Each structure stands twice: as structure tokens, then as C-alpha cells.
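Visitor: using only what follows, build the 3D model:
(2 chains)
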Amino acid sequence: MSDQKHLSQEQAKDIDENIAWAKINKDVLRSMENPRKGYWVALFISICLFCVMIYAEVYQYIVGMGPALLNTSHMWDLYISTFVFWIGMSHSGTLLSAILHLVHADWRKPIYRFAEAMTTFSLMTAGLFPVIHLGRVWNFYWVMPYMSDRGLWPNFRSPLIWDAFAITAYLTSSVLFLYIGMVPDLAICRDSATGWRKKLYTFLSLGWRGDDRQWRNFRFTYLMIACFLIPLAVSVHSIVSMDFAMAIMPGWHVTTFPPYFVAGALYSGCAAIITLFILLRYFFKFEEYMTMPILDKVCKLTFVIAMVWTYLNLIEFSAVWYGHDIPSKEVLIAKATGPYSPFFWGMMLCGSVLPFALLSKFVRRNMYVMFFVSIFLNVGMFLERWMIVTPTLSLGYHPQGFNVMWPGWVEWAMVGGSFGWFGMLFLIFVKVFPCVSMYEVKEMVFHRKRVIYEDVDEMMELHSGVPGPKAEPQSTGGA
Amino acid sequence: MPSLLGNIFDIWSDYLKGNEQGGHHKYEHMYSMVIDLDKCTGCNACSTACYAENNLAWVGEEKFGARQAMNWLRIERYFDEPDMDAAGDGHGMEQAAATQSDTQDRGASFLPMMCQQCNAAPCEPVCPVAATYHTVDGLNAQVYNRCIGSRYCANNCPFRVRNFNFYDNAPTAWPAPMDQGLNPDISVRSKGVMEKCTFCIQRTRAARDTAKREGREIRDGEIQTACQQTCPTSAILFGDLLDETSKIAQVWKRQQMKLGVYKQDKANPELRGYRIFEELNVDPKVLYLERVREV
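Guide: Numbering: from 1, shown residues only, chains lettered A, B, ... in the order given. Modelled structure (predicted):
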């Protein structure tokens, strides 16, 4: 039980800056060879869940949407809630790698790669649901504006079309971002791999040699995509929120939905990062890279986002409460007191109360506790999405449409299967590709070792020959 | 201006006009319905006629209970509110609950509810493939072949009158010899397709073709919807609002009701005409005449 020692270990530094570069290479490359047994268990469970999903989809394809127990009022239910949930999960990878990249928060470096992979794969999961929920799934490509010989176009006014565009754009860019950021690491893998891995990495590393020009172009491209990705990420979830906000139904027609959804997205994404952080650290023995101080920082970030989300949530409630739109108010009251109220209060408990546990340093530094806390944060976020979709549909405007439904087994199979599909893709990815960025950890170690942050100006002068901001008054004074 | 540029400007002004008025803007007809609730006895004949005319699948008790039925036209029952304070002692609520039986003294009120063919239909802009749109007849059409079943339209319909084919209903609804009795003028919908009341569009189209063949305009009363034809008390009236002389246009005028507004400006508040959810600005085209009861 050598890992036990690391679990309880109190570390002060984000990373031990005396790690040799060769050791970083060795550790990461080793992670791609022999994970702990838990990895295989998780992969097996994921594949089983995914098989259940395939069975459910085939069944639904043959029989129709009926066994999902959707009905004339509840046309969406869990399908669209799960879709929104997975879209939300996809936001934190961008936050961690693009936004924190721009603000030079270097503690993100050991963990951003898997967060980006999470972004990509949760988008691929989310993208399944608008397709799965279609009554005639075999015609799903009709939402794309392709050249039809009948001159038919999709309806550009429909938020579902905006979704299709936003998701494909975001998926493409985040795959590019993930891939481009990985090229120097793929070259390292190429240099030590054999067999099919050698062929794969040779192809993917695009002839990376690590010369000056390549690094310069690489830095520039990476920065450009990071800048491009941030507005895209915000817009994607805003557009997803418009699926609801553009509708006229009470409880959906809320102007604060876009920021509310984006905050919720970052929140659930951060919680998922914590869960996967702990899992990967265990599976691949990354105790030296995914350290407790980094987890601590992610937890603090999660807490801040949780508070933003809670604030926006309360804003939404109070806007409805004082807005004096009677049907919306009824939906709000029904959420809190109606048949779905256990889930509503579950969401408030997991989403708004539980994050206060993150204020405790003991909780933040204890992986076992954090594992369950992060999972329950995400349960809360899942309930949130469900509570957006379903109570509105169970009430709405017309009393004849009022009814309460419980999702059928097909819907639950799809929800469970989506976790399987995501887990499968993610686990295969982290085994085949380096899930800790080797070159950036080396940078981090290098900077931490060399640069003493108080003397940053001096260091800048030393390295670049350009005087730092502090040095400026002296030089102008001299002139 | 028949140039390319002129075309663009024409379309642009059309677009703006349509945007302001909501929905289509070059209407040839404006089919509408008036339902006199005073005459409605809640006999469900209209609903039955609709099943027969429009090839609606019956789904059986179980699926009906699961709200997966295909009824385009439903009769809604509304019971009067019990007098909460009949005795004047403040315990009316308990008394009412104690004495109330399933049937009230004066019975229920009935309201036939079908697609209101809104001129500013909330279902139309949200369909990703434009399977539902407004026709020049002023109807909210549903193109079954184009529908991919995203069901956004039904979610956005405040009346909850859109029906989705949750199953492949045809084999169970019309076993072998029964399928011979299907209406050949209208298709049988497959699973995964949204459907709703069309104001019997097959009859509208047939009448239009007949009129065209005979070189005349469509006469008022020439088109009868199946529900109207069947209603034993003639509670349902159907016709073209653009034809000023038609019966239905006169009813709208008499009731001082106008299309395209979300609040009617009536000189006489005693008039019975009203539209459901017109305050949502969906501009429904079914005019209901309120039931009158002696006090």
C-alpha cells in the first residue's frame, strides 16, 4: 500500500521542482503501459454500460419513443437534461487550459491535458443525445445545411439548429486544441514507442523535431486557438440555454439562462475534473504530478464557481417570483413543493450547500472525501438540468397538459450508457495518449526552480534583454 | 423592378412585413373556426369523426393512460368551482370537499380543443427542419415527411395539442381488413413523426381543386371539416375570414374579435367571443363563444 503514504501526505508545493526531466518522461510513458487494476475495472464497467445503451438504442429504433415513457406533455425529459449536463461538463477543460493558460496560472499544467480530453469526450457524449432523442433518428442529418436537390434548408430560426452549429464548431476546435497541445508529447512518445504505437505516434506527431521554428509556430498556434476557444465555449452553452430561453413555456422563458447555464457548466466541469483527477492519480500512480496542492486549488476554483452558480440560481428564482408572471411562478412553486420537490431540494443541497464543505482544508486535502463530494456536486448539477426540463413540461400553460411522469427504462439506460460511453472513450484515451503534459510539466519545474517570483523583472531582463515593468522608471529617469 | 436587386428588396420587405405581422403574409385564405360552447354537449362525436377522417390510430387504453394517444381533437371537461363559502361560516372548503361527488349539480362544461392554427405559432420557428410552417391558406401545416421528431414544437405549444407517434401504431390500430377503411386522401403516419389537427386540409385542397376546375371561387360553406359535419348541435363553424361575406367573418365581426392582436378591444363586454391564450400573442384562429348559464 505505497499509495496510502501519498494520500495522506501534506505537501506544500504544487510540484517537487527537483524532479529530473528524464523522470517526468519515464513516469508519463510508464502510465501508458501499466495502470493499476482499477483502470481495467473502470474500463470494463464503462463498456458494459455502453453496451446497455446500444441495446436501448436498438430497441428504441425498432419500437419507437414509447418505452421511454415520454408523453404528450413530456416530450424531452431526461434526454435533453442529459444533453445539457454533458455539454456543461465540456466547459471546464477549456476553462482550465485556455483561460488559465492566458492568465499564466502554471499549476494547471499537470492536469489540463485530461481536462481537455474530458471536454472533447463529453462533447462527443452530449452530441449523441440530440440524435438519440429524435423520433426518426435515421434522418438526423437533415438539421445540417447540406445541398439537397429538393432545395430544402434547415430552419435557421430554430435554436436546435444553432445547437448543431455550435456543438460541431466547439467539438472541432476543442479536438484541435487537444491535439495541437499534444504534439510535442507525441514526439516524445514516438521516440520511445514500439510496434503499432510507434506508427501511430509517428503519424500524429507531424514530424516534430523540437527546433526553434517549430516551437515558435506551436506557441503561436496554441495561443490563437486558446483565444478562439474561450468565446466559443461561452457561446456554446449560451446557445444550449436558448433551447429553453427562446421557448415561450413558463420556467423556460428566462433571460438569465445563458449566464446561469455557463456558470453551471463550469461548475459541473470542475467537479468532474476533481473526480477524474483522483481516479487518474490512483490509476496511473501520478502522485508526484497530480499533487494535493493542485487539487486544493481546483477545489477553491470550484467553490468560487459554485457560489456564482448559486447566486445566478437565486437571481433566477427571485426574477420569477417578483416578475408576476403567474404560470412561471406556479412552475417555480411546483418545483419546490410539487412531486419533483425531492429532486429540487436535492439539487439545492448538492449544488449550493455541499460546496461549503470545500471551505474546510481537511476536505480539500482528503482525496476519499473529495471523491464523494465531487460526485455529489455533479449529482446536484444533473438534478439541476432535470429540474429545468421536467417541471416546466409537467405544468406549462394548459391545465389539460399537467401531469407527472417518471422516465422509462430506455431513458435511464441512455443516461447510464452515456457515462459508459464517456468513460470508455476517456479511459482509452488516457491509456493511449499521455494524460499529463510532459513538456509543460518540464516548463513548470524549470520555472519554479529558476524563477524566484519576487525578482521577476530581473529574470525577464536576464532572459529576454527587455527591461521589466519595474525597471522602467529607472531607465526613463536615467534618460 | 424585375432585376436581381429588386427581387432582394421585394423579399426583404416581404420578410419585414411577415416579421411584424407574424407568420405568413400573403394569405389567399384565412381558414378559421368558431366553436359555440353553449351548443356543445360534450358528446365526443367530433373527436370520433376526426379519428375516422384523419386516419388517427387508436392506441388502446394503456397507452392512452400513458398520455401517448393520438387524439387531434379532445373534449376537455371543466367543472364549476364549488362554492367555497356557501354557508358563510368560513368552513365552505371542507363542506364542499365533503359533499362534492363526481357529478356536479349542473354537470361539466365542455371545450373541444384542437390545434388553434395560430398565426404567430410558437411551434413554427423552433422546428429545426422547418417541418411545420404557415401555408397561404392561413393554416399551420405539418409536413410528415420532413419531420425528424425532435418534438420541440410540442414542447413549445401552450395548448398541448400536438401528438407524437410514440409507436408504430398502424399495425395495431388497423389489423388486416381494417386498413381497407382508411381515408385514402391522407397518409398514415409512421413512428417518430409529429402530427396535429390540420383543419381537414384534404377537404380544403379538394374544394380548392374543384373550384379551380369549375373556374370559380370557393363558396362559403363548401368546405366542411369532419368535426363540423358530425356535430349534432352545429356548434362548430368553419370558413374563410378573408371572405367578408362568409358566415364566419360575420361572427368574428359580431363578436368584435380581431386577428393579430393580443388584447381585444371590445365595445360590448357582454359579447361571448374569446380566444384561448391570446395574451401570449400567438394569435390563435379558433374563436370560442363562451357558455352562458343562468345564475
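
Visitor: residues in contact with residue 276?
Guide: No chain was given, so I picked chain A. Residue A:276 makes contact with A:114, A:115, A:118, A:426 under the criterion Cβ atoms under 8 Å, 6 or more residues apart in numbering or on different chains. For the C-beta atoms, the positions are set from N, CA and C on the backbone; glycine is no exception.

Visitor: my bad, the chain I had in mind was chain B
Guide: B:113, B:116, B:159, B:284, B:286, B:288.

Visitor: out of these, who's the most crowded?
Guide: Of all the contacts of residue B:276, residue B:116 has the most neighbours under the rule other Cβ atoms under 10 Å in any protein chain shown, reaching 26 neighbours.

Visitor: my read: it touches residue B:288, true?
Guide: No - Residue B:116 lies out of contact with residue B:288 (Cβ atoms under 8 Å); the separation is 9.8 Å.

Visitor: find residues that contact each of those two.
Guide: B:275, B:276.

Visitor: circling back to that earlier point, show me which pair in the contacts of residue B:276 is furthest apart.
Guide: Using Cβ to Cβ, these span at most 12.1 Å, a distance reached by B:159 and B:288.

Visitor: Three-state assignment for residue B:33, please.
Guide: Using DSSP: H, G, I helix; E, B strand; the rest coil, the structure places residue B:33 in strand.

Visitor: sec struct for residue 67, please.
Guide: No chain was given, so I picked chain A. helix.

Visitor: switch to chain B, that's the one I care about
Guide: Residue B:67 - assigned by three-state DSSP - is coil.

Visitor: which residue sits closest to it, ignoring its sequence neighbours?
Guide: Distances taken as Cβ to Cβ, 6 or more residues apart in numbering or on different chains place residue A:71 nearest to residue B:67, at 3.6 Å, with adjacent residues excluded.

Visitor: again, but for residue A:358
Guide: Nearest to residue A:358 is residue A:303, by Cβ to Cβ, 6+ apart, at 4.3 Å.

Visitor: before we move on, which element is the residue nearest to residue B:67 in?
Guide: Using DSSP states H and E, residue A:71 sits in no helix or strand.

Visitor: for it, give me its contacts.
Guide: Residue A:71 is in contact with A:403, A:405, B:66, B:67, B:68, B:166, counting by Cβ under 8 Å, 6+ apart.

Visitor: again, 7 Å this time
Guide: The neighbourhood of residue A:71, defined by Cβ atoms under 7 Å, 6 or more residues apart in numbering or on different chains, consists of A:403, A:405, B:66, B:67, B:68.

Visitor: the contacts of residue A:276 in helices, which ones?
Guide: Within those, residues falling in helices by DSSP state H are A:114, A:115, A:118, A:426.

Visitor: for residue B:88, give me the pLDDT.
Guide: Here the pLDDT value assigned to residue B:88 is 61.

Visitor: quick check: the closest residue to chain A within the stretch 101-250 of chain B vs residue B:71, distance?
Guide: Residue nearest to chain A within the stretch 101-250 of chain B: residue B:149 (1.9 Å; Cβ to the nearest Cβ). Residue B:149 sits 19 Å away from residue B:71, going by Cβ to Cβ, to the nearest Å.

Visitor: now swap in residue A:224 and tell me
Guide: For residue A:224, the distance to residue B:71 - Cβ to Cβ - is 57 Å.

Visitor: neighbour count for these two, which is higher?
Guide: Ranked by neighbour count (other Cβ under 10 Å), residue A:224 and residue B:71 place residue B:71 first, with 21 against 11.

Visitor: circling back to that earlier point, the residue of the stretch 101-250 of chain B closest to chain A - how many residues pack around it?
Guide: With other Cβ under 10 Å as criterion, residue B:149 counts 26.

Visitor: count the residues that sit near the closest residue to it other than its chain neighbours.
Guide: Leaving aside its sequence neighbours, residue B:149 sits nearest to residue A:135 (Cβ to Cβ, 6+ apart; 1.9 Å). Applying other Cβ under 10 Å, we find 23 residues neighbouring residue A:135.

Visitor: I figured residue A:135 hits residue B:190, correct?
Guide: No - judged on Cβ atoms under 7 Å, residue A:135 makes no contact with residue B:190 at a distance of 9.2 Å.

Visitor: tell me which element the residue in chain A that chain B sits nearest to falls in.
Guide: Relative to chain B, the nearest point of chain A is residue A:135 (1.9 Å; Cβ to the nearest Cβ). Per DSSP H and E: residue A:135 is located in neither a helix nor a strand.

Visitor: so what's it up against?
Guide: For residue A:135, the contacting residues are A:65, B:148, B:149, B:151, B:164, B:191, B:192, B:193, by Cβ under 7 Å, 6+ apart.

Visitor: would you mind measuring from residue A:229 to residue A:101?
Guide: The value you get for residue A:229 to residue A:101, if Cβ to Cβ is used, is 10 Å.

Visitor: ok, now residue A:288?
Guide: 22 Å.

Visitor: neighbour count for those two, which is higher?
Guide: The residue with more neighbours, out of residue A:288 and residue A:101, is residue A:101; 23 against 18, by other Cβ under 10 Å.

Visitor: can you pull the contacts of the more buried one?
Guide: residue A:226.

Visitor: now do the SS call for it.
Guide: Per three-state DSSP, residue A:101 ends up helix.

Visitor: buried ones in the helix or strand hosting residue A:298?
Guide: Here residue A:298, judged by DSSP H and E, is contained in helix A:292-323. By 16 or more other Cβ atoms under 10 Å in any protein chain shown, the buried positions in helix A:292-323 come out as A:292-299, A:301-303, A:305-306, A:308-310, A:312-313, A:316, A:320.

Visitor: how about the residues of the stretch 151-300 of chain A near chain B?
Guide: A:154, A:155, A:157, A:158, A:159, A:160, A:161, A:247, A:248, A:249 (Cβ under 7 Å from any Cβ of the partner chain).

Visitor: try 6 Å
Guide: Those residues of the stretch 151-300 of chain A that sit near chain B, judged by Cβ under 6 Å from any Cβ of the partner chain, are A:154, A:155, A:157, A:158, A:160, A:161, A:247, A:248.
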